[in-house]
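**Student:** below are the sequence and a predicted model; questions follow.
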Amino acid sequence: MGPHLLSVLLPVTVGLLLIVLASGSVRKADTVLGGVMPQANDPMVSELLVVGNEAVFSADDGVHGREPWFVDLHGNTSMVQDLAPGPDSSNPRHFRMRGLGDFVFSASTPVSGEELWLGSISSDLCTVELIKDIIPGPMGSEPIVVGSSDALILFYATTLTAGRELWCTNAVSAQQTAMVSDFYAGVQSSLPMSPTVLPDTEGAYVVAYADAVRGCLLFRYDYATGAIRTLVDVEDGAGAMTELGASLIFANSDSAHGWELWHYEKDTGEFGVLLDLEPGTESAGPSQFFTWRERVLFQASTQEYGKELWITDGTAAGTRLLSDINPGPHDSDPYGFVAAGDHVFFRAKDDTCGQELWVTDGTPSGTRRVVDLMPGPGSGDPYNLVAYGQGLYFSADDGATGEELWWARLVDGEWHTEQVADLYPGLEGSEPTNLQFTTGGQGYFLARSPAEGRTVFTFLPGSTEGREKVVPVQMRLETP
């Protein structure tokens, strides 16, 4: 284990005075380093999204309830708009980038209920506007974004006449926001047990309930024409598809097979079992599909190997067990795949070292544990895996400092890990999540500290200023 990584981490700055414009913009006066509010009232910051070199998030300042906040290019932080005026909360959530450099999110107001909003950032100003009140009045359609392609956003929303269905918007006006299709005609919802929307540049593949007779079908939605084609009949639960060239790879079942590895060929319409990993009606239950370098990594469970790491090139001959990480029929449960340079990181477990960080280069010999962060059979439980260059940032528990932020990098052919900072001294840990990097390479993430509560922190990867520069700064807040 190497020494702690020399990095600078600072809680983001917060405006002393917020001047709210009629459009929902904000100007910021003098600022101080610190969190969103005094620690008598923990802000419990959540829903962080980096947009270019700036960021938006959800927080409660103790006066306005939970509302959208903004971190500008200079690190100054301020509330965007009090969407639910007074101490009530609009509870902004489901932040999602759009291809034009802006973002969408859902929020609830007394006038419109929970609907979809558009946020834009320009010249250190963040503005928000309601895209469409899908159910007019305070009821709300409860939108959840499930996909995007350039300017187009795909989301599920509920109406009184069509139930919960797939919608799309270019986030420009209410007139350009519409239901894709009432796949299950009438007030019933087409939403299957495992919702699947796989967008590309020309359209999207959608698994939806058609009706009680036909069950779940795979559809193709064309952006340019708005046309919807029915492709094949699939089982409810045939979710988590991934694209591999001209193929769709996913789990499906029929009367002769359990849940196995299936494929659909976009060019020819060929559809069927790619490989019966657990022959007969037993299920291998393939899942966690991750496309990487013309191959797909996934997990599957067999009686011989348990739930282990597999790989496919889209052919039966090219589908194989990559590594029996937890030897024999015991599960290693690999998931959370993240590509970084020439490697893919993931979390997996074995009986010797528990659940730890693993890495693969796509070969059996190149699949190995990065570190046993909590030595012995205890688990470091890595999560929040985020690639940076050839390495990886992740959150984990080493058994001594609780859950904190770590960095893994390859040095002379060996993987080295270093703790970025112990933001919450002791065994509890700061529980860092939502790590993202700006266009300029600055890191933002959510974590908690004894002085700041749960708030936004920022750091400069690879800085040489030293851990003593981690500053839990007290703050003052004045509101109009």
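**Tutor:** Perfect, I can see it now.
**Student:** spell out the residue ranges of the helices in the chain.
**Tutor:** Per DSSP state H, the chain carries no helices over any range.
**Student:** so where's it shaky on pLDDT?
**Tutor:** Applying pLDDT under 70 to the chain flags the ranges 1-42, 462-480.
**Student:** what segments of the stretch 151-300 of the chain are strands?
**Tutor:** Counting by DSSP state E, counting those that start in this stretch, the stretch 151-300 of the chain has strands at residues 152-159, 163-169, 177-179, 196-199, 203-211, 215-222, 228-233, 242-244, 247-254, 257-265, 271-275, 287-292, 295-302.
**Student:** what residues does the third one touch?
**Tutor:** Think strand 177-179. With contact meaning CB atoms under 8 Å, 6 or more residues apart in numbering, strand 177-179 is reached by 116, 131-132, 134, 157, 159, 162, 165-171. Yep, even glycine has a C-beta here, placed from its N, CA and C like the rest.
**Student:** apply 6 Å and report the result again.
**Tutor:** Outside strand 177-179, the residues that touch it by CB atoms under 6 Å, 6 or more residues apart in numbering are 131-132, 165, 167, 169.
**Student:** start to end distance for stretch 397-417?
**Tutor:** Terminal residues of stretch 397-417 are spaced 13 Å apart (CA to CA, to the nearest Å).
**Student:** number of residues surrounding the residue nearest to G389 when sequence neighbours are not counted?
**Tutor:** Distances taken as CB to CB, 6 or more residues apart in numbering put G341 closest to G389, at 6.8 Å, once the chain neighbours are dropped. G341 has 13 neighbours, counted by other CB atoms under 10 Å.
**Student:** need the phi and psi values for G341.
**Tutor:** As for G341, its main-chain torsions (degrees, to the nearest 10) stand at phi 60, psi -120.
**Student:** I'd say it and Q390 touch.
**Tutor:** Yes. If you go by CB atoms under 6 Å, G341 and Q390 touch, sitting 3.7 Å apart.
**Student:** before we move on, back to that, could I get the strands of the stretch 151-300 of the chain in a markdown table, plus columns for distance to L48?
**Tutor:** Putting the strands of the stretch 151-300 of the chain into a markdown table (distance: least, CB to CB, whole Å) gives the following:
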| stretch | distance to L48 |
| --- | --- |
| strand 152-159 | 19 |
| strand 163-169 | 23 |
| strand 177-179 | 26 |
| strand 196-199 | 23 |
| strand 203-211 | 26 |
| strand 215-222 | 30 |
| strand 228-233 | 35 |
| strand 242-244 | 26 |
| strand 247-254 | 30 |
| strand 257-265 | 35 |
| strand 271-275 | 38 |
| strand 287-292 | 23 |
| strand 295-302 | 27 |
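**Student:** got TSV for these, with mean neighbour count and distance to G314 too?
**Tutor:** Shown next, in TSV, are these (neighbours: other CB atoms under 10 Å; distance: least, CB to CB, whole Å):
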stretch	mean neighbour count	distance to G314
strand 152-159	22	25
strand 163-169	22	27
strand 177-179	16	34
strand 196-199	21	16
strand 203-211	21	16
strand 215-222	19	17
strand 228-233	14	17
strand 242-244	16	5
strand 247-254	22	5
strand 257-265	21	7
strand 271-275	17	7
strand 287-292	19	10
strand 295-302	23	7
